[in-house]
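**Student:** Task: produce atomic coordinates for the following.
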Amino acid sequence: MEGRKAYRIGIDVGGTFTKAVLVDDDTHEIVGRYSTLTTHGGARGVAEGVVEVFRRVLEGSHVAPEEVVFLAHSTTQATNALLEGDVAPVGIVAIASGPAAALAAKQSRIDGIELAPGRTLHPGHRFIKGEELSDATAAEAVRALLQEEGAKVIVATSAFGVDDGSDEEAIRAAAAAQGLPVTCGHEISKLYGLATRTRTAVINASILPRMIETADMTQRSVREAGIAAPLMIMRGDGGVMDVNEMRRRPAMTMLSGPAASVAGALMHLRISDGIYFEVGGTSTNIGVIRNGRPTVKYARVGGHETYVSSLDVRVLGIAGGSLVRVAGGRLVDVGPRSAHIAGLVYAAFADPEAFAGAAVELFQPGPGEAADHVSIRGADGARYAITTTCAANVLGYARPGMHAFGNPDAARAAMAPLAALLGISVEDTARQILERATDKIIPVVGQLVAEYGLDNDQSMLVGEGGGAGALMPFAAGRLGLRHVISPDAEVISSIGVALALVREVVERVVADPTPEDLRAIRREALDAVVRLGAAADTVEVTIEVDAHSQRVRATAVGASEMRARSHRKRLGEAEARAVAARSMGVPLAATAVTGATDGMRLIQARIDGRHSLRAVDLDGAIRIQRSSAAVERAHASDALAALQGKWNGADEMFLVLGAHVVDLSGISGRDQAMAVARTELDGVPADTTVLLVAALK
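**Tutor:** Okay, here's the model as predicted:
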């Protein structure tokens, strides 16, 4: 593609809108965007909207399909199918041999999983002793589940499938012969725990037919449009995977919508640490980005643990469109009901003239709800909503350029009758609205700060979504924290999809892992992410060891093979110092480079008696951000000895090798951390400069 422009398309499929952005592959500039209503009821389902937006964004930008090197979309289908109970009947075939057979037969029988009120997934179950497994017995078990239980998809699960998946593959072959799709436990997780692994496989299998159908329709339409780039799907843990992998593991796409916004913060805003807020019209998703990665946990479905990794997201029923409630002459609540659900226009987006002689009119948004929600009956007879966005416009927190910015004069005029009812000024009314709204946010921020041990530098608030300007500035002011709102907040999820990296996670249970064990797991993760479409030379692997649970996790991320490229522009020292100075809020002259490799500069400034640190890579991204840290240079040959000496007194330790940051803070034992460091240093030339960062919280 020498001499030809190259582009990426990111599509975010939301509950209401499907939005696409076209991004220049070289500069990351947004060159086109398009939005349409999500086609839940279309003949091809949500795929219809996906196809429409990518066609329209290409046409509107005059870009040829062959210039697209990357195409990805998020999806709400997996989450919505589970929330709505719209799933396929599942049958389980379990296998175990010897003394473990009786226990395995019990653990693999999964109780009903409540997906929605009145909708419970009740998987059928058949058990085969390993000694009796044959083509005939496998076929009979599948046939019984199909004919007697009405199964439309099969789960194959074996007590020791994580070590040897051949028994599960025998069931797959038997089911395929009868035309049924299959999920094998060993392809879902390599962790022990038969019950949880089987439950995860059941959840995955229940959405498999529907997701395969959508994937087939979307991929066919993409190819018909002349786009040759692989079709990628957003995962719930912040990365993307090839559409063929989604056909095997659709459960990995749970929460892919919030994950898309996090990818936008990481890649577009270049955030390395912070608390992100994805603020929509009805709800807000809050989570943590730490050391350049979103924090993840195992998702729970129907109250049960699974082995599906997804973002650790806290969802609050407060957002840009939250309605105000009053009773007894005082403001009693804000949210969770939104103007969108009530079918009302925000007063801040109306004309001021509409509110001449306006009056407060309380109403009941839905059956069973209190009739204390505020609307304003305008001069034209229409009703308008007073929302947090209106309050932010009154007080000047929503500024020009923000998606939440409307008409402050209209917001004040609409709020005047409500202020009169409350007996206070318009400004005090707006302030009360935002105080009541952020009362719900502040405790969650405190919980996340405590849970993840964040220091002041890491507690910066990152606002995303169209409603960010309604809540973020006021919340940051109350908390005394810095904040940033993306200039493209309303399409940050689509941007995140366009810029997301291919991701894969490999987990194993290993007691006291040796460097050889860690090297093997690291290699497995690297190979896996390359199979999913990542370019090998772009892959970074992070290893975490939990000595208590004996779990080792290797997370590999890399750029798609079709969009891997050289760095756009290598930052010089002065530019890197400027990036660090802006982040630390100090003059450029106050910064100094205290260490450098061929891919990273460590820049520090003395702030309040502490040595604040930023590690800035050659693209200008901040890779480590700490308010107090010490830096030591070493050669690869003596880095382990230097690391041992720095360990005492440090809360977190990092190694910087070239452009690669080795985070040792996610490892619970020093011996395991040293083993990880030894693995990372293996094969590095002895005279290579290595930087050690010891951080204090």
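**Student:** Going by secondary structure, the residue sitting nearest the centre point of the chain is in what exactly?
**Tutor:** The structure's the chain has its C-alpha centroid closest to A259; by CA atoms, centre = their mean the separation is 1.9 Å. Assigned by DSSP states H and E, A259 belongs to helix 256-267.
**Student:** again, but for A419
**Tutor:** Using DSSP H and E, A419 maps to helix 408-422.
**Student:** Quick check on the nearest residue to the residue nearest to the centre of the chain once chain neighbours are set aside: phi, psi?
**Tutor:** Nearest non-adjacent residue to A259, counting by CB to CB, 6 or more residues apart in numbering: G238, 4.8 Å away. The C-beta positions use only the backbone N, C-alpha and C, and glycine is treated the same way. Per-residue torsions, G238: phi 100, psi 0 (degrees, to the nearest 10).
**Student:** circling back: may I see the buried residues of the helix holding A419?
**Tutor:** Neighbour counts using 16 or more other CB atoms under 10 Å place 408, 410-419, 421-422 of helix 408-422 among the buried residues.
**Student:** partners of the very next helix or strand once past the helix holding A259, with directions?
**Tutor:** Next along the chain after helix 256-267, taking DSSP H and E as the criterion, comes strand 274-279. According to DSSP bridges, strand 274-279 has the following sheet partners: strand 284-290 (antiparallel), strand 461-464 (parallel).
**Student:** What are the contacting residues of strand 274-279?
**Tutor:** The contact list for strand 274-279 (CB atoms under 8 Å, 6 or more residues apart in numbering) reads 258, 261-262, 265, 284-289, 319-320, 441, 445, 448-449, 454, 458-468, 470-472, 475, 484, 492-493.
**Student:** repeat that with 7 Å
**Tutor:** Residues from elsewhere that reach strand 274-279 (CB atoms under 7 Å, 6 or more residues apart in numbering): 258, 261-262, 265, 284-289, 319-320, 445, 448, 458-465, 467-468, 470-472.
**Student:** again with stretch 56-72
**Tutor:** For stretch 56-72, contacts defined as CB under 7 Å, 6+ apart pick out 4-10, 20, 22, 25, 31-34, 54, 222, 225-229, 231-234, 240, 497-498, 500, 560, 562-563.
**Student:** show me where the stretch 351-500 of the chain has helices.
**Tutor:** Ranges of helices within the stretch 351-500 of the chain are 388-395, 408-422, 426-438, 442-452, 468-479, 492-499, based on DSSP state H, counting those that start in this stretch.
**Student:** Specify the stretch among these that is closest to V509.
**Tutor:** Across those, V509 has its closest neighbour in helix 442-452 (24.2 Å, CB to CB).
**Student:** any idea how far that closest one is from the chain center?
**Tutor:** With CA atoms, centre = their mean, to the nearest Å as the basis, helix 442-452 stands 18 Å off its chain's centre.
**Student:** coming back round to it: if I pick the residue nearest to the centre of the chain, what's in contact with it?
**Tutor:** 234-238, 311.
**Student:** How about the contacts made by A105?
**Tutor:** Contacts for A105 (CB under 7 Å, 6+ apart) come out as 94, 96, 127.
**Student:** Out of those residues, who's the most crowded?
**Tutor:** Within those, neighbour counts (other CB atoms under 10 Å) peak at A94, which reaches 29 neighbours.
**Student:** okay, the closest residue to that residue other than its chain neighbours: pLDDT?
**Tutor:** Spatially, and ignoring its direct neighbours in sequence, A94 is nearest to S108 (3.6 Å; CB to CB, 6+ apart). Here the pLDDT value assigned to S108 is 95.
**Student:** And V262, by the same measure?
**Tutor:** So V262 comes in at 82 (pLDDT).
**Student:** Next: A392.
**Tutor:** For A392, the pLDDT comes out at 98.
**Student:** Pull the number of nearby residues for it.
**Tutor:** 31.
**Student:** which ones are touching the residue nearest to A259?
**Tutor:** Residues near G238 by CB under 7 Å, 6+ apart: 259, 262-263, 294, 311, 503.
**Student:** neighbour-wise, which of the residues you listed leads?
**Tutor:** A259 (32 neighbours).
**Student:** Could you measure from it over to D312?
**Tutor:** From A259 across to D312, the span is 11 Å (CB to CB, to the nearest Å).
**Student:** what does T306 give?
**Tutor:** Noted for T306: a distance of 14 Å to D312, by CB to CB.
**Student:** cool, and A468?
**Tutor:** 20 Å.
**Student:** can you put the contacts of G238 in a markdown table and add distance to P515?
**Tutor:** As requested, those are exported to a markdown table (distance: CB to CB, whole Å):
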| residue | distance to P515 |
| --- | --- |
| A259 | 32 |
| V262 | 32 |
| A263 | 32 |
| P294 | 28 |
| L311 | 31 |
| R503 | 24 |
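**Student:** and which of these is nearest to E632?
**Tutor:** P294 (29.2 Å).
**Student:** Run through the residues that contact the closest one.
**Tutor:** 238, 262, 287, 311.
**Student:** For those, which two are the farthest from each other?
**Tutor:** Farthest apart among the contacts of P294 by CB to CB are G238 and G287. That separation is 9.8 Å.
**Student:** Overlap in contacts, these two.
**Tutor:** Taking CB under 7 Å, 6+ apart as the criterion, G238 and G287 both touch 262, 294, 311.
**Student:** Of those residues, just say which sits nearest to E169.
**Tutor:** Among the shared contacts of G238 and G287, L311 lies closest to E169 (CB to CB), at 31.7 Å.
**Student:** hey, what's that closest one bridged with?
**Tutor:** As for beta bridges, L311 partners with V296 under DSSP bridges.
**Student:** Pull up the gap between it and M254, please.
**Tutor:** Noted for L311: a distance of 10 Å to M254, by CB to CB.
**Student:** tell me, what's touching the two both at once?
**Tutor:** Common contacts of L311 and M254 (CB under 7 Å, 6+ apart): G236.
**Student:** Endpoint to endpoint, stretch 496-507 covers what distance?
**Tutor:** 26 Å (CA to CA, to the nearest Å).
**Student:** Report the mean confidence score over it.
**Tutor:** Across stretch 496-507, the per-residue pLDDT values average to 86.
**Student:** Which one of the helices of the stretch 351-500 of the chain lies nearest to G335?
**Tutor:** Taking CB to CB, helix 426-438 is the member of the helices of the stretch 351-500 of the chain nearest to G335, at 6.8 Å.
**Student:** can you pull the buried residues of stretch 637-653?
**Tutor:** Quick answer for stretch 637-653 (16+ other CB under 10 Å): 639-640, 642-643, 646, 650, 652-653.
**Student:** Remind me which helix or strand A102 belongs to.
**Tutor:** Going by DSSP H and E, A102 is part of helix 101-107.
**Student:** Tell me, how many residues neighbour G274?
**Tutor:** Neighbour number of G274 under other CB under 10 Å is 25.
**Student:** so how far is V661 from it?
**Tutor:** 17 Å.
**Student:** sorry, back to before: now the helix holding A259: how far from the chain's centre is it?
**Tutor:** The answer for helix 256-267 is 5 Å, by CA atoms, centre = their mean.
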